[in-house]
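Colleague: Next input, structure requested:
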Amino acid sequence: MCAARIENLVTSGTFSLDGGTWEVDNNVWIVGDDTEAVVIDAAHDADAIATALDGRTLLAIICTHAHDDHVGAAPELSRRTGAPVLLHPEDLPLWKLAHPDREPDGELTDGRVLTVAGTDLTVLHTPGHAPGAICLHVPELGTVFSGDTLFQGGPGATGRSFSDYPTILESIRERLLILPDDTVVRPGHGGSTTIGAEAAQLAPHTE
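Modeller: Residues are numbered from 1 along each chain as shown. All right, here's what the predicted structure looks like:
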């Protein structure tokens with residue numbers, strides 16, 4: 001029996017890029033058990049995330065991409081817990097906009113497997129929303145953490161610097177829509193969905 005469970009914390013703050021700033025709510029995902037956990041996207045509020053961890057050992061702070069609303073609290077959470085901040089290297093230019101004086105601690109590469117509470121999380125490189133955007137597939141939990149690559153209702157935004165619409169469609173088609181239809185999609189913002197539901201909506205756009 002899989003010991004890991006999924007917890008969701010919603011934090012609020014701002015997203016800034018290309019000279020604009022917007023108010024946003026972000027999903028922070030915690031995967032683990034009663035003793036250890038990983039955090040997917042340390043957004044906005046290190047205090048709230050640390051409280052949710054409730055003394056568990058934090059093995060890693062995983063960044064689905066480096067937009068400032070997703071990585072804003074990562075250095076502080078790392079400082080408090082000693083957990084490494086992990087990021088795909090192609091997102092370093094975005095990371096440096098948010099944290100010019102602090103490098104990530106390790107690299108997320110396509111196919112890398114991270115293990116917490118006996119449960120494997122596999123990194124899928126899914127560029128488009130950002131060059132180094134990644135998703136995390138967790139077959140044992142029947143889920144994929146999609147960051148801002150795929151939402152309930154379609155692809156993530158591609159109208160700003162470092163993003164590309166054809167690329168995100170290719171990532172979704174080749175890396176996500178091949179997962180089982182009942183796979184729960186847990187995005188960086190908003191409610192969850194399933195691969196099957198999004199495949200039905202995206203079919204005309206991805207053929």
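Colleague: Could I get the average pLDDT for stretch 111-120?
Modeller: Average pLDDT, stretch 111-120: 98.
Colleague: give me the number of residues near Leu58?
Modeller: Leu58: 24 surrounding residues under other Cβ atoms under 10 Å. The C-beta positions use only the backbone N, C-alpha and C, and glycine is treated the same way.
Colleague: before we move on, what about the one 10 residues further on?
Modeller: The number of residues packed near Asp68 is 20, by other Cβ under 10 Å.
Colleague: quick one: contacts for it?
Modeller: Neighbouring residues of Asp68 by Cβ atoms under 8 Å, 6 or more residues apart in numbering: 14-17, 97-98.
Colleague: can you do 6 Å?
Modeller: Contacts for Asp68 (Cβ atoms under 6 Å, 6 or more residues apart in numbering) come out as 16, 98.
Colleague: how close does it get to Gly55?
Modeller: 28 Å (Cβ to Cβ, to the nearest Å).
Colleague: Same check on Ser16?
Modeller: Computed as Cβ to Cβ, the Ser16 to Gly55 distance reads 33 Å.
Colleague: okay, those two: which has more neighbours?
Modeller: Shown here are Ser16 and Gly55; by other Cβ under 10 Å, Ser16 has more neighbours (15 against 9).
Colleague: And the helices in this structure, which stretches?
Modeller: Ranges of helices in the chain, per DSSP state H, are 46-53, 68-71, 74-81, 92-98, 165-171, 195-206.
Colleague: nearest to Gly106, of those?
Modeller: Proximity to Gly106 (Cβ to Cβ) singles out helix 74-81 among the helices of the chain, at 11.0 Å.
Colleague: What residues sit buried inside the closest one?
Modeller: By neighbour count on 16 or more other Cβ atoms under 10 Å, the buried set for helix 74-81 is 74-78, 81.
Colleague: Return the most buried member of the helices of the chain.
Modeller: Most buried of those by mean neighbour count (mean count of other Cβ atoms under 10 Å) is helix 68-71; its value is a mean of 26.
Colleague: Just give the number of residues close to Glu103.
Modeller: As a burial measure, Glu103 scores 13 neighbours (other Cβ under 10 Å).
Colleague: How much space separates it from Ala66?
Modeller: Glu103 sits 12 Å away from Ala66, going by Cβ to Cβ.
Colleague: And for Gly106?
Modeller: 14 Å.
Colleague: Neighbour count for the two, which is higher?
Modeller: More crowded of Gly106 and Ala66, by other Cβ under 10 Å: Ala66, with 26 against 15.
Colleague: Pretty sure that one sits against Pro89.
Modeller: No: Ala66 is beyond contact range of Pro89, at 10.4 Å (criterion: Cβ atoms under 6 Å).
Colleague: Surely Val138 touches Leu121?
Modeller: Yes: Val138 is within contact range of Leu121, at 5.2 Å (criterion: Cβ under 6 Å).
Colleague: The two - which one has more neighbours?
Modeller: Using other Cβ under 10 Å, the more surrounded residue of Val138 and Leu121 is Leu121, with 25 against 22.
Colleague: who are the neighbours in contact with the more buried one?
Modeller: Applying Cβ under 6 Å, 6+ apart to Leu121 gives the contacts 114, 136, 138.
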